[in-house]
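Student: no FASTA, just this:
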Ligand SMILES: Nc1ncnc2c1ncn2[C@@H]1O[C@H](COP(=O)(O)OP(=O)(O)OP(=O)(O)O)[C@@H](O)[C@H]1O
(Lines give C-alpha, C1' and ligand atoms only; values in the text may rest on other atoms or scores of the structure.)
Protein backbone atom coordinates (compact mmCIF):
# COMPACT_ATOMS: atom_id res chain seq x y z
CA UNK A 1 0.00 0.00 0.00
CA UNK A 2 1.39 3.44 -0.84
CA UNK A 3 1.77 6.04 1.86
CA UNK A 4 -0.48 9.03 1.34
CA UNK A 5 1.34 10.84 4.15
CA UNK A 6 5.09 10.49 4.20
CA UNK A 7 7.22 12.20 6.82
CA UNK A 8 10.94 11.73 6.54
CA UNK A 9 13.53 12.79 9.09
CA UNK A 10 11.66 15.97 9.94
CA UNK A 11 13.47 18.45 12.17
CA UNK A 12 12.20 21.75 13.45
CA UNK A 13 13.13 24.37 16.01
CA UNK A 14 11.13 27.44 17.07
CA UNK A 15 12.97 30.72 17.16
CA UNK A 16 12.40 32.12 20.63
CA UNK A 17 13.84 35.13 22.44
CA UNK A 18 15.96 32.70 24.45
CA UNK A 19 17.32 31.15 21.25
CA UNK A 20 16.27 28.20 19.10
CA UNK A 21 13.99 25.67 20.78
CA UNK A 22 14.47 22.30 19.03
CA UNK A 23 11.10 20.55 18.99
CA UNK A 24 11.33 17.82 16.35
CA UNK A 25 14.57 16.00 15.78
CA UNK A 26 14.10 13.13 13.34
CA UNK A 27 10.43 12.26 12.99
CA UNK A 28 9.63 9.53 10.47
CA UNK A 29 6.13 8.42 9.73
CA UNK A 30 4.30 6.74 6.86
CA UNK A 31 0.52 6.61 6.73
CA UNK A 32 -0.92 4.42 3.96
CA UNK A 33 -3.94 5.77 2.11
CA UNK A 34 -7.21 5.18 3.95
CA UNK A 35 -5.58 4.24 7.25
CA UNK A 36 -5.52 5.85 10.66
CA UNK A 37 -2.35 6.81 12.52
CA UNK A 38 -2.54 7.72 16.19
CA UNK A 39 0.38 9.76 17.53
CA UNK A 40 1.16 9.70 21.24
CA UNK A 41 4.02 11.14 23.24
CA UNK A 42 4.85 13.09 26.38
CA UNK A 43 3.23 16.47 26.91
CA UNK A 44 5.04 19.22 25.04
CA UNK A 45 7.10 16.85 22.88
CA UNK A 46 6.00 18.44 19.61
CA UNK A 47 2.84 16.58 18.52
CA UNK A 48 0.87 19.71 17.60
CA UNK A 49 3.92 21.06 15.81
CA UNK A 50 3.90 17.91 13.70
CA UNK A 51 0.23 18.45 12.75
CA UNK A 52 1.02 22.02 11.66
CA UNK A 53 3.76 20.71 9.40
CA UNK A 54 1.48 18.06 7.85
CA UNK A 55 -1.22 20.69 7.31
CA UNK A 56 1.32 22.94 5.59
CA UNK A 57 0.83 25.71 8.13
CA UNK A 58 4.59 25.68 8.75
CA UNK A 59 7.64 24.38 6.92
CA UNK A 60 10.15 22.12 8.68
CA UNK A 61 13.76 23.29 9.03
CA UNK A 62 14.88 19.96 7.54
CA UNK A 63 13.36 16.76 6.24
CA UNK A 64 10.26 16.26 4.16
CA UNK A 65 6.52 16.13 4.55
CA UNK A 66 4.79 14.69 1.48
CA UNK A 67 1.14 14.17 0.69
CA UNK A 68 0.44 12.00 -2.36
CA UNK A 69 4.19 12.16 -3.02
CA UNK A 70 4.15 15.96 -3.29
CA UNK A 71 6.16 18.05 -0.90
CA UNK A 72 3.93 20.12 1.40
CA UNK A 73 4.93 23.77 1.39
CA UNK A 74 1.63 25.55 2.05
CA UNK A 75 -1.88 24.80 3.38
CA UNK A 76 -3.98 22.48 1.23
CA UNK A 77 -7.67 22.31 0.61
CA UNK A 78 -7.54 18.55 0.72
CA UNK A 79 -6.71 18.58 4.43
CA UNK A 80 -9.39 18.78 7.13
CA UNK A 81 -8.60 19.66 10.73
CA UNK A 82 -10.34 19.18 14.07
CA UNK A 83 -9.08 20.43 17.41
CA UNK A 84 -9.75 19.95 21.11
CA UNK A 85 -11.67 23.22 21.20
CA UNK A 86 -14.29 22.98 18.43
CA UNK A 87 -14.29 26.80 17.79
CA UNK A 88 -17.74 26.89 16.26
CA UNK A 89 -19.05 30.34 15.37
CA UNK A 90 -21.85 31.33 17.73
CA UNK A 91 -23.53 33.65 15.21
CA UNK A 92 -24.01 30.75 12.81
CA UNK A 93 -26.35 27.80 13.19
CA UNK A 94 -24.85 24.32 13.49
CA UNK A 95 -25.72 23.67 9.83
CA UNK A 96 -24.04 26.90 8.73
CA UNK A 97 -20.97 26.10 10.81
CA UNK A 98 -20.63 22.74 9.09
CA UNK A 99 -21.11 24.33 5.68
CA UNK A 100 -18.34 26.90 6.24
CA UNK A 101 -15.45 25.01 4.55
CA UNK A 102 -17.61 24.45 1.46
CA UNK A 103 -18.11 28.22 1.16
CA UNK A 104 -14.35 28.51 0.93
CA UNK A 105 -13.32 25.48 -1.15
CA UNK A 106 -16.47 25.12 -3.28
CA UNK A 107 -17.93 28.63 -3.56
CA UNK A 108 -19.91 27.73 -6.68
CA UNK A 109 -21.65 24.75 -5.12
CA UNK A 110 -25.38 25.54 -4.92
CA UNK A 111 -26.64 26.32 -1.42
CA UNK A 112 -29.10 23.38 -1.52
CA UNK A 113 -26.29 20.97 -2.33
CA UNK A 114 -24.12 22.31 0.49
CA UNK A 115 -27.00 22.00 2.93
CA UNK A 116 -27.75 18.45 1.79
CA UNK A 117 -24.12 17.45 2.34
CA UNK A 118 -24.01 19.03 5.82
CA UNK A 119 -27.38 17.49 6.77
CA UNK A 120 -26.18 14.07 5.63
CA UNK A 121 -23.10 14.32 7.88
CA UNK A 122 -25.00 15.70 10.87
CA UNK A 123 -27.38 12.73 10.59
CA UNK A 124 -24.42 10.33 10.45
CA UNK A 125 -23.07 11.63 13.77
CA UNK A 126 -26.49 11.68 15.46
CA UNK A 127 -27.17 15.43 15.22
CA UNK A 128 -30.28 15.26 13.06
CA UNK A 129 -32.74 17.85 14.38
CA UNK A 130 -30.02 20.17 15.72
CA UNK A 131 -29.25 21.87 12.40
CA UNK A 132 -30.82 25.21 13.39
CA UNK A 133 -29.40 25.34 16.93
CA UNK A 134 -26.55 27.64 17.93
CA UNK A 135 -23.30 26.10 19.25
CA UNK A 136 -24.03 27.24 22.83
CA UNK A 137 -27.25 25.20 22.79
CA UNK A 138 -25.30 21.96 22.34
CA UNK A 139 -23.32 19.86 24.83
CA UNK A 140 -19.53 19.60 24.52
CA UNK A 141 -19.80 16.17 22.88
CA UNK A 142 -22.39 17.44 20.40
CA UNK A 143 -20.23 20.43 19.53
CA UNK A 144 -17.32 18.09 18.90
CA UNK A 145 -19.52 15.96 16.61
CA UNK A 146 -20.45 19.10 14.68
CA UNK A 147 -16.79 20.07 14.52
CA UNK A 148 -15.93 16.65 13.04
CA UNK A 149 -18.62 17.17 10.39
CA UNK A 150 -17.12 20.55 9.56
CA UNK A 151 -13.66 19.01 9.25
CA UNK A 152 -14.82 16.45 6.67
CA UNK A 153 -17.65 18.26 4.88
CA UNK A 154 -15.41 19.04 1.88
CA UNK A 155 -14.26 15.39 1.67
CA UNK A 156 -10.61 15.99 2.51
CA UNK A 157 -8.07 13.29 1.62
CA UNK A 158 -6.37 13.86 4.94
CA UNK A 159 -8.01 14.44 8.31
CA UNK A 160 -5.82 15.78 11.10
CA UNK A 161 -7.21 15.73 14.59
CA UNK A 162 -5.39 17.30 17.52
CA UNK A 163 -6.82 15.86 20.73
CA UNK A 164 -10.40 16.28 19.51
CA UNK A 165 -11.86 14.28 22.41
CA UNK A 166 -9.47 15.50 25.11
CA UNK A 167 -11.91 17.83 26.85
CA UNK A 168 -14.81 15.36 27.01
CA UNK A 169 -15.85 13.11 29.88
CA UNK A 170 -15.03 9.41 29.55
CA UNK A 171 -18.45 8.20 28.44
CA UNK A 172 -18.87 10.93 25.83
CA UNK A 173 -15.35 10.28 24.62
CA UNK A 174 -16.09 6.58 24.12
CA UNK A 175 -19.27 7.49 22.24
CA UNK A 176 -17.22 9.71 19.96
CA UNK A 177 -14.68 6.93 19.34
CA UNK A 178 -17.52 4.80 18.01
CA UNK A 179 -18.80 7.69 15.91
CA UNK A 180 -15.31 8.12 14.51
CA UNK A 181 -15.05 4.40 13.75
CA UNK A 182 -18.38 4.53 11.86
CA UNK A 183 -17.41 7.73 10.03
CA UNK A 184 -14.31 5.99 8.74
CA UNK A 185 -16.51 3.53 6.90
CA UNK A 186 -18.88 6.06 5.36
CA UNK A 187 -16.41 8.93 4.88
CA UNK A 188 -13.02 7.33 4.24
CA UNK A 189 -9.91 9.48 4.54
CA UNK A 190 -6.36 9.12 5.77
CA UNK A 191 -6.26 10.22 9.40
CA UNK A 192 -3.68 11.45 11.86
CA UNK A 193 -4.91 11.67 15.43
CA UNK A 194 -2.93 13.30 18.23
CA UNK A 195 -3.99 11.94 21.58
CA UNK A 196 -2.91 11.49 25.18
CA UNK A 197 -5.23 8.53 25.58
CA UNK A 198 -3.58 5.18 24.85
CA UNK A 199 -6.93 3.34 24.78
CA UNK A 200 -8.15 5.83 22.18
CA UNK A 201 -4.99 5.33 20.14
CA UNK A 202 -5.49 1.56 20.01
CA UNK A 203 -9.26 1.69 19.47
CA UNK A 204 -9.01 4.08 16.53
CA UNK A 205 -5.53 3.53 15.12
CA UNK A 206 -4.22 1.15 12.50
CA UNK A 207 -0.84 2.16 13.85
CA UNK A 208 0.24 3.95 17.00
CA UNK A 209 3.34 6.10 16.73
CA UNK A 210 5.13 6.97 19.96
CA UNK A 211 7.23 10.13 19.88
CA UNK A 212 10.10 10.58 22.28
CA UNK A 213 10.38 13.52 24.66
CA UNK A 214 11.31 16.91 23.18
CA UNK A 215 13.00 17.23 20.79
CA UNK A 216 10.83 14.44 19.45
CA UNK A 217 11.90 11.63 17.20
CA UNK A 218 9.91 8.56 16.22
CA UNK A 219 10.62 6.25 19.12
CA UNK A 220 8.30 3.34 18.48
CA UNK A 221 5.61 2.17 16.06
CA UNK A 222 2.93 -0.38 16.81
CA UNK A 223 0.77 -1.79 14.05
CA UNK A 224 -2.67 -2.50 15.45
CA UNK A 225 -4.20 -5.49 13.78
CA UNK A 226 -7.70 -5.57 15.23
CA UNK A 227 -10.96 -6.04 13.30
CA UNK A 228 -12.17 -2.90 11.53
CA UNK A 229 -15.57 -3.17 13.15
CA UNK A 230 -14.05 -3.37 16.64
CA UNK A 231 -16.33 -2.58 19.55
CA UNK A 232 -15.43 -1.04 22.89
CA UNK A 233 -15.34 -4.55 24.35
CA UNK A 234 -12.06 -5.10 22.53
CA UNK A 235 -10.45 -2.69 25.01
CA UNK A 236 -11.06 -5.19 27.79
CA UNK A 237 -9.36 -8.12 26.06
CA UNK A 238 -6.01 -9.52 27.10
CA UNK A 239 -4.68 -8.75 23.61
CA UNK A 240 -5.36 -5.03 23.92
CA UNK A 241 -4.27 -5.05 27.55
CA UNK A 242 -0.87 -6.29 26.40
CA UNK A 243 -0.67 -3.60 23.71
CA UNK A 244 -1.54 -0.88 26.22
CA UNK A 245 1.11 -2.19 28.56
CA UNK A 246 3.76 -1.94 25.85
CA UNK A 247 2.63 1.56 24.90
CA UNK A 248 2.59 2.70 28.52
CA UNK A 249 6.17 1.48 28.92
CA UNK A 250 7.15 3.32 25.75
CA UNK A 251 5.65 6.54 27.10
CA UNK A 252 7.64 6.10 30.29
CA UNK A 253 10.80 5.68 28.24
CA UNK A 254 9.84 8.81 26.27
CA UNK A 255 9.41 10.66 29.54
CA UNK A 256 12.85 9.47 30.61
CA UNK A 257 11.38 7.41 33.45
CA UNK A 258 12.25 3.91 32.16
CA UNK A 259 9.77 1.12 31.48
CA UNK A 260 8.37 -1.31 34.06
CA UNK A 261 10.30 -4.05 32.39
CA UNK A 262 13.82 -3.25 31.34
CA UNK A 263 13.58 -5.31 28.15
CA UNK A 264 10.83 -5.03 25.53
CA UNK A 265 8.55 -8.09 25.23
CA UNK A 266 10.12 -10.94 23.28
CA UNK A 267 7.23 -10.98 20.81
CA UNK A 268 4.72 -8.24 19.97
CA UNK A 269 1.36 -8.72 21.66
CA UNK A 270 -1.12 -10.66 19.51
CA UNK A 271 -3.06 -8.29 17.28
CA UNK A 272 -0.12 -5.96 16.92
CA UNK A 273 3.19 -5.80 15.18
CA UNK A 274 5.39 -3.62 17.27
CA UNK A 275 8.85 -2.33 16.65
CA UNK A 276 11.24 0.10 18.17
CA UNK A 277 12.43 2.66 15.68
CA UNK A 278 16.00 3.71 15.82
CA UNK A 279 17.50 4.74 12.53
CA UNK A 280 16.15 3.72 9.16
CA UNK A 281 13.73 0.95 10.26
CA UNK A 282 10.54 2.94 9.88
CA UNK A 283 11.63 4.67 6.73
CA UNK A 284 12.18 1.22 5.25
CA UNK A 285 8.80 0.02 6.43
CA UNK A 286 7.07 3.18 5.31
CA UNK A 287 8.17 2.86 1.72
N1 LIG B 1 4.90 29.16 18.04
C2 LIG B 1 5.75 28.69 18.98
N3 LIG B 1 6.84 29.42 19.32
C4 LIG B 1 7.71 28.97 20.24
N5 LIG B 1 7.58 27.78 20.89
C6 LIG B 1 6.51 27.03 20.59
C7 LIG B 1 5.54 27.44 19.63
N8 LIG B 1 4.59 26.49 19.55
C9 LIG B 1 4.95 25.52 20.42
N10 LIG B 1 6.10 25.84 21.05
C11 LIG B 1 6.81 25.03 22.02
O12 LIG B 1 7.19 23.83 21.34
C13 LIG B 1 7.07 22.72 22.21
C14 LIG B 1 6.17 21.68 21.57
O15 LIG B 1 4.85 22.22 21.49
P16 LIG B 1 3.65 21.37 20.88
O17 LIG B 1 2.41 22.14 21.12
O18 LIG B 1 3.98 20.97 19.50
O19 LIG B 1 3.71 20.07 21.83
P20 LIG B 1 2.60 18.97 22.13
O21 LIG B 1 3.31 17.67 22.17
O22 LIG B 1 1.47 19.08 21.17
O23 LIG B 1 2.13 19.42 23.57
P24 LIG B 1 0.87 18.89 24.42
O25 LIG B 1 0.98 17.42 24.49
O26 LIG B 1 1.08 19.53 25.77
O27 LIG B 1 -0.37 19.37 23.73
C28 LIG B 1 6.55 23.26 23.55
O29 LIG B 1 7.64 23.43 24.41
C30 LIG B 1 5.95 24.59 23.20
O31 LIG B 1 6.05 25.49 24.26
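Tutor: Nice, thanks for sending it over. Keep in mind that what you see is a predicted model, and the values were worked out from it rather than measured.

Student: what phi and what psi does the backbone show at residue 11?
Tutor: phi -130, psi 140 (degrees, to the nearest 10).

Student: Quick check: bridge partners of it?
Tutor: Bridge pairing for residue 11 (DSSP bridges) gives the partners residue 25, residue 62.

Student: wait, what's in contact with it?
Tutor: 22, 24-27, 60-63, 215 (CB atoms under 8 Å, 6 or more residues apart in numbering). Yep, even glycine has a C-beta here, placed from its N, CA and C like the rest.

Student: Which single one of those residues is nearest to residue 100?
Tutor: Nearest to residue 100 out of the contacts of residue 11 is residue 60 (CB to CB; 28.8 Å).

Student: what's the burial count for the closest one?
Tutor: By other CB atoms under 10 Å, 21 other residues sit near residue 60.

Student: PyMOL command to pick out the buried ones of the contacts of residue 11?
Tutor: Those of those that count as buried under 16 or more other CB atoms under 10 Å are selected in PyMOL with:
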select buried, resi 24+25+26+27+60+63+215
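
Student: pLDDT and distance to the ligand for the contacts of residue 11 - can I get that in a markdown table?
Tutor: Listed next are the contacts of residue 11 as a markdown table, based on pLDDT from 0 to 100; distance: CB to the nearest ligand atom, whole Å:
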| residue | pLDDT | distance to the ligand |
| --- | --- | --- |
| 22 | 94 | 9 |
| 24 | 95 | 8 |
| 25 | 94 | 12 |
| 26 | 92 | 15 |
| 27 | 94 | 11 |
| 60 | 94 | 13 |
| 61 | 94 | 13 |
| 62 | 95 | 17 |
| 63 | 95 | 16 |
| 215 | 92 | 9 |
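
Student: what residue is smack in the middle of the protein?
Tutor: residue 193 (1.2 Å; CA atoms, centre = their mean).

Student: beta partners for that residue?
Tutor: Bridge pairing for residue 193 - DSSP bridges - gives residue 38, residue 161.

Student: Can you tell me the element the residue in the stretch 101-250 of the chain positioned nearest to the ligand falls in?
Tutor: Nearest residue of the stretch 101-250 of the chain to the ligand: residue 214, at 5.9 Å (CB to the nearest ligand atom). Using DSSP states H and E, residue 214 maps to neither a helix nor a strand.

Student: Return the residues in contact with it.
Tutor: 22-23, 42, 44-46.

Student: Need the pLDDT of it.
Tutor: As predicted, residue 214 sits at a pLDDT of 91.

Student: which residues does the closest residue to it other than its chain neighbours contact?
Tutor: Spatial nearest neighbour of residue 214, chain neighbours left out: residue 45 (4.8 Å); criterion: CB to CB, 6 or more residues apart in numbering. If you count contacts by CB under 8 Å, 6+ apart, residue 45 has them with 23, 211-214, 216, 254.

Student: Does residue 95 belong to a helix, a strand or coil?
Tutor: Under the three-state scheme (DSSP: H, G, I helix; E, B strand; the rest coil), residue 95 adopts helix.

Student: OK, contacts around it?
Tutor: Taking CB under 8 Å, 6+ apart, we find residue 95 in contact with 115, 118-119, 122, 131-132.

Student: how near is it to the ligand?
Tutor: 31 Å (CB to the nearest ligand atom, to the nearest Å).

Student: swap in residue 17?
Tutor: 9 Å.

Student: residues near that residue, how many?
Tutor: By other CB under 10 Å, 4 other residues sit near residue 17.

Student: what does the domain assignment say about the protein?
Tutor: The chain breaks down by automatic domain parsing into domains covering 3-78+158-170+188-286, 79-155.

Student: and these as a markdown table, adding distance to residue 179?
Tutor: Output for those, formatted as a markdown table (distance: least, CB to CB, whole Å):
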| stretch | distance to residue 179 |
| --- | --- |
| domain 3-78+158-170+188-286 | 10 |
| domain 79-155 | 5 |
